[in-house]
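J.: Predicted model follows, preceded by the sequence.
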There are 2 protein chains.
Amino acid sequence: MENAADSKGLTTIPEPTLRRLPIYYQYLRNLESAGKKVISCTTIGNDLSLDPTQVRKDLAHTGVEGKPKVGYMVSDLVRKIEEFLGWNKINAAFLAGAGNLGSALLGYPQFREHGLSIVAAFDRDPAKVGSLIHGKRVLPLETLPGLARRMGIRLGIITVPPAAAQEVADFMVQGGIQAIWNFAPVMLKVPSSIVVRNEELYYSLAALSHTLAKKLNVEIKKGEEGYASSN
Amino acid sequence: MENAADSKGLTTIPEPTLRRLPIYYQYLRNLESAGKKVISCTTIGNDLSLDPTQVRKDLAHTGVEGKPKVGYMVSDLVRKIEEFLGWNKINAAFLAGAGNLGSALLGYPQFREHGLSIVAAFDRDPAKVGSLIHGKRVLPLETLPGLARRMGIRLGIITVPPAAAQEVADFMVQGGIQAIWNFAPVMLKVPSSIVVRNEELYYSLAALSHTLAKKLNVEIKKGEEGYASSN
DNA sequence: TATATATAGAGAAAAGTTTCTCGATTCGCT
DNA sequence: AGCGAATCGAGAAACTTTTCTCTATATATA
Ligand SMILES: NC(=O)c1ccc[n+]([C@@H]2O[C@H](COP(=O)([O-])OP(=O)(O)OC[C@H]3O[C@@H](n4cnc5c(N)ncnc54)[C@H](O)[C@@H]3O)[C@@H](O)[C@H]2O)c1
Ligand SMILES: NC(=O)c1ccc[n+]([C@@H]2O[C@H](COP(=O)([O-])OP(=O)(O)OC[C@H]3O[C@@H](n4cnc5c(N)ncnc54)[C@H](O)[C@@H]3O)[C@@H](O)[C@H]2O)c1
């Protein structure tokens, strides 16, 4: 059950739990469209390779309640996770940097199902300004702060090259934007009231290549069979 | 200092450390090109908002050694992290799904600096097969397993729609691919010897919208001042 | 209706990660 | 050369997250 701090939103959710909630959500949406009505932590755990107790604890953070021997209503879970993550209401967002990655994000309609609607793009390249990308207008970067204020935009997405990221972030802060999703591999300096999340695109890659390199090493070591190399 | 298990690569690195190493790397590469020769954990910690002790412990995993009062050689750190992550050798990779996201990845030359070279793309769409995207040839999906074996490809990237992801993964496994970077929001079923990393693109978004939703709630609560709403 | 069983939920224990503390080392300065 | 300050490195302590254990409850079955 929840405690007082929970219901006031004062306790912070564990990062690992927050990382898993979108995975549950995805999975549960699939179950839902497959017509499944109830689901147990045991089954979720099996399907997602997670410990059932952990699943139960994670889901408890959303305030959902289940029935012994039965499990949870799938629709309850979906709704509660949506509420918890703020995906039941759409955030309008501005994107800066209408390049390769920016265009891919602009053309991803599924973000709407995750509470995100990119309403306009901003760029400095005169060749891009004025054009439409996936139906979204590309506007001059300089107009971002004014428009953001006027439209009450709270979320900004940065997909410009690293060298331009800080400047863009400053524009966003100036426009009253409160949260930034940053795809550029740099640490942004912003006032502490602004929430920044860096997309750690290299993390997965690091994990993969580290594992591959280790595997390869083991194979080589097997070939050498018993020779220990110092330094 | 290292213990025996470490030097044999038997201890597994903490996930949080692995997540931070690419961030250090990025930062250190910048220092390097700015001409900085030595750096201390204290400074790194300040610049990246991390505890200096944690930085020291993280870096120790790569086997680097520093000098008291001075710090580490930047070039040492860069080289050791590269080695540790396997970014000093380039992995050739195949990408399946030459759509919006796939094209963005194909057009990102910086992956080479992180040990990754995407050498070809694969797709089912006849309109795409045969074309070049950012200089990379798009080939029919069916040819993936054969080519992967012939070229000894060990890494695969999946950027197809969720419904097609499992099929593509099966093709990759069939082609002897050992590690998969999966951008489709589904859990893949593969033999346990194959390493899969799912790009958790929604995690950052979840963190942001959750925080925004909470902020908004607090603002609304302030307006209501004292009224507690049940459900 | 009684019994067996699967599962939620709560709390305890274990494992993992971060932060603190302290001694050793190096460098710059007097 | 000696002294003080900065920093590394190692181990301990504090904190967080995961896993285990137990109890209560709902359902199905005999
Ligand atoms: N493409 C990928 O696969 C990928 C992968 C990982 C990280 N990233 C990061 O994402 C960011 C974008 O990558 P990309 O491949 O889309 O680059 P890109 O060069 O294709 O696009 C960058 C866009 O930003 C615009 N731009 C440059 N300076 C600007 C400024 N000051 N204000 C506004 N717009 C500006 C450019 O005109 C261009 O349209 C980079 O920081 C990159 O490191 C990209
Ligand atoms: N675009 C984004 O910003 C974004 C963000 C998050 C996640 N994703 C995920 O990345 C994946 C790709 O997204 P996208 O926007 O590039 O989609 P897209 O529709 O633009 O591209 C998908 C590509 O895959 C190809 N394809 C379809 N079935 C195939 C098959 N069986 N074998 C080979 N190729 C096949 C299509 O022809 C197309 O070229 C999706 O799973 C999506 O959920 C994308």
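T.: Looks like it arrived, so ask away. Ligands and ions are numbered 1, 2, ... in the order given.

J.: shaky segments in chain A?
T.: A:1-10, A:225-231 (pLDDT under 70).

J.: show me where chain A has strands.
T.: A:38-39, A:72-73, A:91-96, A:116-123, A:132-133, A:136-140, A:155-158, A:179-182, A:195-198 (DSSP state E).

J.: most neighbours per residue, which of the ones you listed?
T.: Most buried of the strands of chain A, by mean neighbour count (mean count of other C-beta atoms under 10 Å in any protein chain shown): strand A:155-158, with a mean of 27. (Glycine included, C-beta is placed from N, CA and C.)

J.: Near DNA strand C, which residues of chain A are found?
T.: A:1, A:40-43, A:52-53, A:56, A:59-60, A:64-72 (C-beta under 7 Å from any atom of the strand).

J.: List only buried entries from those residues.
T.: A:40, A:41, A:56, A:59, A:64, A:66, A:71, A:72 (16 or more other C-beta atoms under 10 Å in any protein chain shown).

J.: Can you name the two of those that sit furthest apart?
T.: Spatial extent of these (C-beta to C-beta) is set by the pair A:40 and A:64 at 12.8 Å.

J.: list residues touching both of the two?
T.: Here residue A:40 and residue A:64 have residue A:72 as joint contacts, going by C-beta atoms under 8 Å, 6 or more residues apart in numbering or on different chains.

J.: what sits against residue A:49?
T.: The neighbourhood of residue A:49, defined by C-beta under 8 Å, 6+ apart, consists of residue B:187.

J.: mind pulling up the phi and psi values for whichever residue of chain A sits closest to DNA strand D?
T.: Per C-beta to the nearest atom of the strand, residue A:68 is where chain A lies closest to DNA strand D, at 2.9 Å. Residue A:68 adopts backbone torsions of phi -60, psi 150, taken as degrees, to the nearest 10.

J.: ok, now how distant is it from ligand 1?
T.: Between residue A:68 and ligand 1 the distance is 46 Å, computed by C-beta to the nearest ligand atom, to the nearest Å.

J.: what does residue A:67 give?
T.: As judged by C-beta to the nearest ligand atom, residue A:67 and ligand 1 stand 44 Å apart.

J.: Also residue A:203?
T.: Applying C-beta to the nearest ligand atom, the value for residue A:203 to ligand 1 is 11 Å.

J.: cool, and residue A:171?
T.: 8 Å.

J.: With residue A:102 instead?
T.: Residue A:102 is 5 Å from ligand 1, by C-beta to the nearest ligand atom.

J.: was I right about that residue contacting residue A:164?
T.: No: using C-beta atoms under 8 Å as the test, residue A:102 is too far from residue A:164 to be in contact (11.9 Å).

J.: of the two, who's got more company?
T.: Each of residue A:102 and residue A:164 has its neighbours counted (other C-beta atoms under 10 Å in any protein chain shown); residue A:102 has more, 26 against 16.

J.: Spatially nearest residue to that one, not counting backbone neighbours?
T.: Excluding its sequence neighbours, the residue lying closest to residue A:102 (C-beta to C-beta, 6 or more residues apart in numbering or on different chains) is residue A:159, at 3.8 Å.

J.: What about that neighbour, how many residues nearby?
T.: 26.

J.: What separation do you get for residue A:110 and ligand 1?
T.: Applying C-beta to the nearest ligand atom, the value for residue A:110 to ligand 1 is 18 Å.

J.: May I see the strands of chain A arranged in a markdown table, with distance to chain B as well?
T.: Formatted as a markdown table, these follow (distance: least, C-beta to the nearest C-beta, whole Å):
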| stretch | distance to chain B |
| --- | --- |
| strand A:38-39 | 15 |
| strand A:72-73 | 15 |
| strand A:91-96 | 6 |
| strand A:116-123 | 6 |
| strand A:132-133 | 10 |
| strand A:136-140 | 13 |
| strand A:155-158 | 7 |
| strand A:179-182 | 5 |
| strand A:195-198 | 4 |
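
J.: Kindly reformat these as JSON lines containing distance to residue B:90.
T.: Converted to JSON lines, these look like this (distance: least, C-beta to C-beta, whole Å):
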{"stretch": "strand A:38-39", "distance to residue B:90": "43"}
{"stretch": "strand A:72-73", "distance to residue B:90": "46"}
{"stretch": "strand A:91-96", "distance to residue B:90": "31"}
{"stretch": "strand A:116-123", "distance to residue B:90": "31"}
{"stretch": "strand A:132-133", "distance to residue B:90": "32"}
{"stretch": "strand A:136-140", "distance to residue B:90": "34"}
{"stretch": "strand A:155-158", "distance to residue B:90": "28"}
{"stretch": "strand A:179-182", "distance to residue B:90": "27"}
{"stretch": "strand A:195-198", "distance to residue B:90": "25"}
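
J.: For residue B:78, which of those strands is the nearest?
T.: strand A:195-198 (20.0 Å).

J.: Each with direction, which strands does that closest one pair with?
T.: strand A:179-182 (parallel) (DSSP bridges).

J.: Could I have the CA atoms of the strand it pairs with written out in PDB?
T.: Written as PDB, here are the backbone C-alpha positions of strand A:179-182 (Å, rounded to 0.1, in the frame of the first residue of the first chain):
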ATOM      1  CA  ALA A 179      12.300  19.800 -19.600                       C
ATOM      2  CA  ILE A 180      14.800  18.900 -22.200                       C
ATOM      3  CA  TRP A 181      15.400  15.600 -24.000                       C
ATOM      4  CA  ASN A 182      19.000  15.900 -25.200                       C
END
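
J.: surely the residue nearest to residue A:102 meets residue A:94?
T.: No: here residue A:159 lies out of contact with residue A:94, judged by C-beta under 8 Å, at a distance of 11.2 Å.

J.: Now, the residues of chain A next to DNA strand C that are in helices?
T.: Among those, DSSP state H puts A:41, A:42, A:43, A:52, A:53, A:56, A:59, A:60 in helices.

J.: tell me the two of the residues you listed that are most distant?
T.: Across these (C-beta to C-beta), the longest gap, 17.0 Å, separates A:43 and A:60.

J.: coming back round to it: which one of the buried ones among the residues of chain A next to DNA strand C sits closest to chain B?
T.: residue A:64 (12.7 Å; C-beta to the nearest C-beta).

J.: which ones are touching the closest one?
T.: By C-beta under 8 Å, 6+ apart, the contact list for residue A:64 reads A:72, A:76, A:77, A:80.

J.: Give me the phi and psi angles of it.
T.: Note on residue A:64: backbone dihedrals following degrees, to the nearest 10 are phi -70, psi 150.

J.: Please identify the nearest residue in space to it, excluding sequence neighbours.
T.: Using C-beta to C-beta, 6+ apart, the nearest residue to residue A:64 is residue A:80, at 4.3 Å.

J.: go on, residue A:196?
T.: residue A:180 (4.8 Å).

J.: does that neighbour have beta-bridge partners, and which?
T.: So, taking DSSP bridges as the rule, residue A:180 has residue A:156, residue A:196 as bridge partners.

J.: I'd say it and residue A:194 touch.
T.: Yes: with contacts counted by C-beta under 8 Å, residue A:180 reaches residue A:194, the gap being 6.5 Å.
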